[in-house]
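Engineer: curious how this folds, go ahead:
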Amino acid sequence: MSKAIRMTRTGGPEVMEYVDVEVGEPGPGEARVRHEAIGVNFIDVYFRTGLYPQTMPSGLGMEGAGVVEAIGEGVTEVKVGDRVAYAGRPLGSYAQSRIMPAAILLRLPDGIDFETGAAMMLKGLTVQYLLNRTYKVKAGDTILFHAAAGGVGLIACQWAKAIGANLIGTVGSSEKAALATAAGAAHVINYNTENFVERVKEITNGEKVPVVYDSIGKDTFFGSLDCLRPLGMMVSFGNATGPVPPFSLSELASRGSLFVTRPALFSYAAKRPDLEAMAADLFQMVESGKVTIDIRQRYKLADAAQAHIELEARKTTGSSILLP
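Structural biologist: Below you'll find the model as predicted:
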């Protein structure tokens with residue numbers, strides 16, 4: 001038997017139950033992974049609350065790192081004993097061990113430990129595609145990235161600096177501002193004490209930015225549009241304050257023929273060659289030291305509910321992990 005978090009209904013953190021589960025043997029195309037560390041991400045909250053629907057009963061969690069204990073028929077991606085990390089469906093990483101599709105498992109380089117692997121995959125792969133494919137950020141670009149002191153944000157600050165771009169980051173406190181600055185943000189805006197739209201205009205001498213990366217959602221969406229120069233790209237990749245409300249396409253035209261996209265990692269990484277290329281880029285950035293994964297919260301698997309409470313209250317910075 002193995003311990004895992006399971007849900008029979010959606011709701012608050014209390015719906016997560018710490019229970020015994022039978023893991024079994026992997027079938028064709030599957031592998032059994034024993035977790036050493038498990039990533040915690042805001043998307044987990046969306047699934048727990050029902051914002052992103054799922055079939056019940058359900059597991060929770062999309063990211064982890066550990067060791068392959070067994071493989072099923074036809075598996076070529078990994079072998080027994082491999083150190084692996086992953087980010088992707090099906091849900092269920094909040095567990096000591098699990099059966100999962102071998103096609104999403106990636107061999108973890110020897111220079112990257114399990115905790116880093118568990119904390120970096122979903123957030124790091126997200127930054128990889130956002131800065132390289134959704135909008136190709138170049139040296140000298142000035143970009144706006146909301147929630148710059150969060151797990152994704154701190155990676156983005158470092159990655160943008162490595163590229164040679166100037167990242168303007170928004171945060172909610174002076175402590176978070178210091179974190180973003182230390183990670184490489186060229187400018188930091190505290191949205192609780194400053195108007196981020198006006199500050200972006202000041203920083204860019206009125207030219208505004210070619211791209212905004214916004215994981216906040218409802219509270220910042222229209223302000224983000226106002227930060228874009230004509231023909232700019234609005235990248236809405238999260239809903240921390242709630243879904244973006246319906247809006248007229250004329251909002252884009254009136255601001256200078258803007259573009260808007262709602263990307264998801266799992267579309268960009270749907271094909272194994274793309275996933276491997278994205279992961280290789282991420283691994284190289286981490287092993288080179290250009291990107292450091294800042295794990296600031298560690299919880300026992302049994303305390304997953306507390307991790308969600310603190311995440312939703314915005315009491316966390318950097319990355320959070322569960323230890324089985």
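Engineer: going by C-alpha atoms from here, please, whenever you check contacts or count neighbours.
Structural biologist: OK.
Engineer: helix, strand, or coil at A37?
Structural biologist: Classification of A37 by DSSP: H, G, I helix; E, B strand; the rest coil places it in strand.
Engineer: burial of it, as a residue count?
Structural biologist: By the measure other Cα atoms under 10 Å, the count of residues near A37 is 29.
Engineer: so which elements touch the helix or strand where M100 lies?
Structural biologist: In the assignment (DSSP states H and E), M100 maps to strand 97-101. With contacts defined as 3 or more Cα pairs under 8 Å, 6 or more residues apart in numbering; DSSP states H and E, the packing partners of strand 97-101 are strand 2-6, strand 30-40.
Engineer: between those strands, which gets nearest to D113?
Structural biologist: For D113, the closest of those is strand 30-40, at 9.7 Å, according to Cα to Cα.
Engineer: what's downstream of the closest one, the next helix or strand?
Structural biologist: Sequence-wise, the next helix or strand downstream of strand 30-40 (DSSP H and E) is helix 42-49.
Engineer: CA atoms only for that next one, dumped as CSV, please.
Structural biologist: Output of helix 42-49 as CSV, limited to C-alpha atoms (Å, rounded to 0.1, in the frame of the first residue of the first chain):
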residue,chain,number,x,y,z
PHE,A,42,-1.4,27.0,-8.3
ILE,A,43,-3.0,24.9,-11.1
ASP,A,44,-3.5,22.2,-8.3
VAL,A,45,-5.9,24.7,-6.6
TYR,A,46,-7.8,25.2,-9.8
PHE,A,47,-8.5,21.4,-10.0
ARG,A,48,-9.2,21.1,-6.3
THR,A,49,-11.8,23.9,-6.4
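Engineer: can you give me the angle whatever helix or strand comes next after that helix makes with strand 97-101?
Structural biologist: Using DSSP H and E, the next helix or strand after helix 42-49 towards the C-terminus is strand 63-71. In terms of direction (axes from the mean of the first three to the mean of the last three Cα atoms, to 10 degrees), strand 63-71 departs from strand 97-101 by 80 degrees.
Engineer: in TSV: the helices and strands packed on strand 97-101, plus mean pLDDT and distance to G238.
Structural biologist: Compiled in TSV, the helices and strands packed on strand 97-101 are given as follows (pLDDT from 0 to 100; distance: least, Cα to Cα, whole Å):
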stretch	mean pLDDT	distance to G238
strand 2-6	97	24
strand 30-40	98	15
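Engineer: just the ones you listed: most buried one?
Structural biologist: strand 30-40 (a mean of 27; mean count of other Cα atoms under 10 Å).
Engineer: helix, strand or coil for the residue nearest in space to the middle of the chain?
Structural biologist: Of all residues in the chain, the one closest to the mean position by Cα atoms, centre = their mean is K123, 3.1 Å from it. Using three-state DSSP, the secondary structure recorded for K123 is helix.
Engineer: hang on, isn't it packed against G151?
Structural biologist: Yes: the criterion here is Cα atoms under 8 Å, and K123 meets it with G151 at 6.6 Å.
Engineer: picking that back up, now the angle from the strand holding M100 to strand 30-40?
Structural biologist: Angle of strand 97-101 versus strand 30-40, following the same axes, to 10 degrees, is 110 degrees.
Engineer: which residues sit against strand 97-101?
Structural biologist: Strand 97-101 has contacts (Cα atoms under 8 Å, 6 or more residues apart in numbering) with 2-4, 23-26, 29-35, 90, 92.
Engineer: what's the span of stretch 55-62, first residue to last?
Structural biologist: 15 Å (Cα to Cα, to the nearest Å).
Engineer: likewise for stretch 243-258?
Structural biologist: Using Cα to Cα, first and last residues of stretch 243-258 are 20 Å apart.
Engineer: still on that earlier bit, which one of the contacts of strand 97-101 is nearest F145?
Structural biologist: P90 (28.6 Å).
Engineer: ok, back up a step: can you tell me the element the closest residue to the residue nearest to the centre of the chain other than its chain neighbours falls in?
Structural biologist: In space, and not counting its chain neighbours, K123 is closest to V152: 5.0 Å by Cα to Cα, 6 or more residues apart in numbering. Secondary structure from DSSP H and E places V152 in helix 151-163.
Engineer: for that helix, packing partners?
Structural biologist: Partner elements for helix 151-163 (3+ Cα pairs under 8 Å, 6+ apart): helix 114-129, strand 166-171, helix 174-183.
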